[in-house]
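**Q** just coords:
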């Protein structure tokens, strides 16, 4: 694609004329190939403008930069390089990538989901419903990425726009007509989703998380709300909102240009769950909607998954599925890795691994476990830790949430990152102690998992919370392989 044609699609402040052809777009200098445009943008952790020379050495023939200094230097010192000064680096990355890749986002119906908890499961459920009626999808989320039937690793919940658009383009090659994306607050705030036309947007809930980045709940909420305003694109056609969440109601009240569809379990909403029945490995309820009432069944367990099913069902309806097709799709939905994932056991103890890493998610998880052990008189043993280099204020809150309804708490490490594990544990321990619940402290996560399982007897549930699907543990000295499911399975075998 000619450089001048790319320039027409970016918000350019100033540029140097050139007749070069652009073969691709990159923002990571290590991935640049011959003939590429390198978009140099300032980020929270690094400034891409520091790597312009490295990108040129790799074969870049053009540079788009959000730095006046970098622009002037390239124009002065590298006359053979096409260069443009752009208003905002991330927007330029999205606009240039879209142009060079042929605007793949315009050829897919995109559904986006945001919220503190439930994004991953809701996205998986919606994809399952769409696939059940024969639609080929692209799924982008925390656990993994799907391009049709191909499963790929997800390095981030929401990748940079260039990578999203490449996934969309790959999806089109295999016949995709739909895309489902988790959209994190960071991605919305940083405009990694710039220019993506969202057809259906979903809001699950908002509870305290990521305040190390956003600072306040109001700022956090404002980032989530951007999905419903449109980020460089028109607002979504349909907004699916949790009516039982206070922030959801605030959000819905401010939406003017989208059709609002509410869902809930407390008698409010357009998609409402009634007569909920749960047991391990199964949830049933009656879903009452303006389009008819249907009996829902899912292999997922728990009240939180009723909300996720309602959100996915409302979105599937908005994407044209009938009530009967939604029922079949929900029933076919598979277990989501690391979301109340039960580890096989032959000793009568239920061991479940879950990603719950906020106080609200932990409280919901323990409430589910309490319901499941009620009939058999078992206990709930909860293992958790708190992440390092993240919002410290939620640590005692998580401790309190763990202690409130558990019979025993095992407090351990999550991903301590650059912090000392015991320093993190001490802050969480304050919350556990406030509840008076027995607590065992063991900083070594593998040893802690063994302690929790060995403490259980037939009829008990052991919850291993915080890391879920993750396959590594991030320590001060580096990243090491670690899989809660594999560690728990190893203990159960011995």
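**A** Right, received. Where do you want to start? Keep in mind the model is a prediction, meaning the values are calculated, not measured. Numbering: from 1, shown residues only.

**Q** Tell me where the model's unsure across this protein.
**A** Low-confidence segments of the chain (pLDDT under 70): 44, 208-214, 334.

**Q** can you list the domain ranges for it.
**A** Listed domain ranges for the chain are 3-100, 103-332, 341-493 (source: automatic domain parsing).

**Q** which residues touch the closest residue to residue 476 other than its chain neighbours?
**A** Nearest residue to residue 476, sequence neighbours excluded (Cβ to Cβ, 6 or more residues apart in numbering): residue 418, at 5.4 Å. (Glycine included, C-beta is placed from N, CA and C.) Shown in contact with residue 418 (Cβ atoms under 8 Å, 6 or more residues apart in numbering): 388-389, 476.

**Q** Let me know the closest of the residues you listed to residue 252.
**A** Checking the contacts of residue 418 against residue 252 with Cβ to Cβ, the nearest one is residue 389 at 34.2 Å.

**Q** helix or strand for the residue nearest to residue 476, which one?
**A** Using DSSP states H and E, residue 418 sits within no helix or strand.

**Q** how near is it to residue 387?
**A** Counting by Cβ to Cβ, to the nearest Å, the gap from residue 418 to residue 387 is 11 Å.

**Q** Compute the number of surrounding residues for residue 6.
**A** 26 (other Cβ atoms under 10 Å).

**Q** Let me see the contact set for it.
**A** Contacts of residue 6 by Cβ under 8 Å, 6+ apart are 22, 37, 62, 96, 99-100.

**Q** By neighbour count, which of these wins?
**A** Most neighbours among these, by other Cβ under 10 Å: residue 37, with 30 neighbours.

**Q** so that one sits in a strand?
**A** Yes: read with DSSP: H, G, I helix; E, B strand; the rest coil, residue 37 is one of the residues of a strand.

**Q** wait, doesn't it sit right on residue 55?
**A** No: with contact defined as Cβ atoms under 8 Å, residue 37 does not count as touching residue 55 (9.3 Å).

**Q** intersection of neighbour lists for these two?
**A** 26, 63.

**Q** in terms of contact, does residue 168 touch residue 106 like I think?
**A** No: contact criterion Cβ under 8 Å: residue 168 and residue 106 do not qualify, at 9.4 Å.

**Q** Pick out whichever of the two has more residues nearby.
**A** residue 168 (25 against 12).

**Q** coming back round to it: buried among the contacts of residue 418? Make that a ChimeraX selection.
**A** Provided next is the ChimeraX selection string for whichever of these are buried by 16 or more other Cβ atoms under 10 Å:
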select :388
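
**Q** Quick check: the residue nearest to residue 350 when sequence neighbours are not counted vs residue 98, distance?
**A** Counting by Cβ to Cβ, 6+ apart, residue 461 is the residue found nearest to residue 350 once chain neighbours are left out, at 4.5 Å. Separation of residue 461 from residue 98 (Cβ to Cβ): 48 Å.

**Q** Please, where are all the helices along the stretch 101-250 of the chain?
**A** Assigned by DSSP state H, counting those that start in this stretch, the stretch 101-250 of the chain shows helices spanning 119-132, 161-173, 185-190, 211-214, 217-229, 246-253.

**Q** for the longest one, packing partners?
**A** Read it as helix 119-132. Helix 119-132 sits against strand 109-114, strand 137-140, strand 178-182, helix 303-318, helix 323-332, with contacts defined as 3 or more Cβ pairs under 8 Å, 6 or more residues apart in numbering; DSSP states H and E.

**Q** Over to the second one?
**A** Contacts of helix 161-173 with other secondary structure elements, assessed using 3+ Cβ pairs under 8 Å, 6+ apart, are made with helix 89-101, strand 137-140, strand 144-147, strand 178-182.

**Q** Which one of the ones you listed lies nearest to residue 402?
**A** strand 178-182 (25.6 Å).

**Q** show me what contacts residue 224?
**A** Contacts of residue 224 (Cβ under 8 Å, 6+ apart): 114-115, 185, 188, 203, 206, 247, 251.

**Q** how about the residues you listed, which pair is most distant?
**A** Checking those with Cβ to Cβ, the most distant pair is 188 and 247, at 14.4 Å.

**Q** Closest one of the contacts of residue 418 to residue 160?
**A** Taking Cβ to Cβ as the measure, residue 160 lies nearest residue 389 of those, at 21.4 Å.

**Q** Can you give me the distance of the residue lying closest to the closest one once chain neighbours are set aside to residue 473?
**A** Nearest residue to residue 389 in three dimensions, chain neighbours excluded: residue 417, at 4.3 Å (Cβ to Cβ, 6+ apart). Separation of residue 417 from residue 473 (Cβ to Cβ): 10 Å.

**Q** more neighbours, the two?
**A** Set side by side, residue 417 and residue 473 show more neighbours around residue 473, with 21 against 16, by other Cβ under 10 Å.

**Q** what's the helix or strand hosting residue 83 packed up against?
**A** Here residue 83 sits within strand 82-86, counting by DSSP H and E. Judged by 3+ Cβ pairs under 8 Å, 6+ apart, the packing partners of strand 82-86 are strand 12-15, strand 62-65, helix 68-77.

**Q** Among those, show me which one is buried the most.
**A** Sort the helices and strands packed on strand 82-86 by mean neighbour count, taking mean count of other Cβ atoms under 10 Å, and strand 62-65 sits at the top with a mean of 26.

**Q** which neighbours does that strand have in its sheet, and in what orientation?
**A** When pairing is defined by DSSP bridges, strand 62-65 lines up against strand 36-40 (parallel), strand 82-86 (parallel).

**Q** Quick one, which of these gets closest to residue 484.
**A** strand 36-40 (37.6 Å).

**Q** Pull the residues that contact the closest one.
**A** 3, 6, 22-27, 29, 32, 48-49, 51-52, 55-56, 58-67, 70, 89, 92-93, 96, 100, 162.

**Q** hang on, residue 131 packs against residue 137?
**A** Yes: at 6.0 Å, residue 131 counts as touching residue 137 under the criterion of Cβ under 8 Å.

**Q** For residue 141, see how far away residue 337 is.
**A** Distance, residue 337 to residue 141, by Cβ to Cβ: 11 Å.

**Q** nope, residue 76 is what I was after
**A** 44 Å.

**Q** Where does the residue lying closest to residue 305 once chain neighbours are set aside fall, secondary structure wise?
**A** Spatial nearest neighbour of residue 305, excluding adjacent residues (Cβ to Cβ, 6+ apart): residue 283 at 5.9 Å. In this assignment (DSSP H and E), residue 283 forms part of strand 282-289.

**Q** which other residues reach that strand?
**A** Contacts with strand 282-289, where a contact means Cβ under 8 Å, 6+ apart, come from 270-278, 293-302, 305-306, 309-310, 313, 317, 323.
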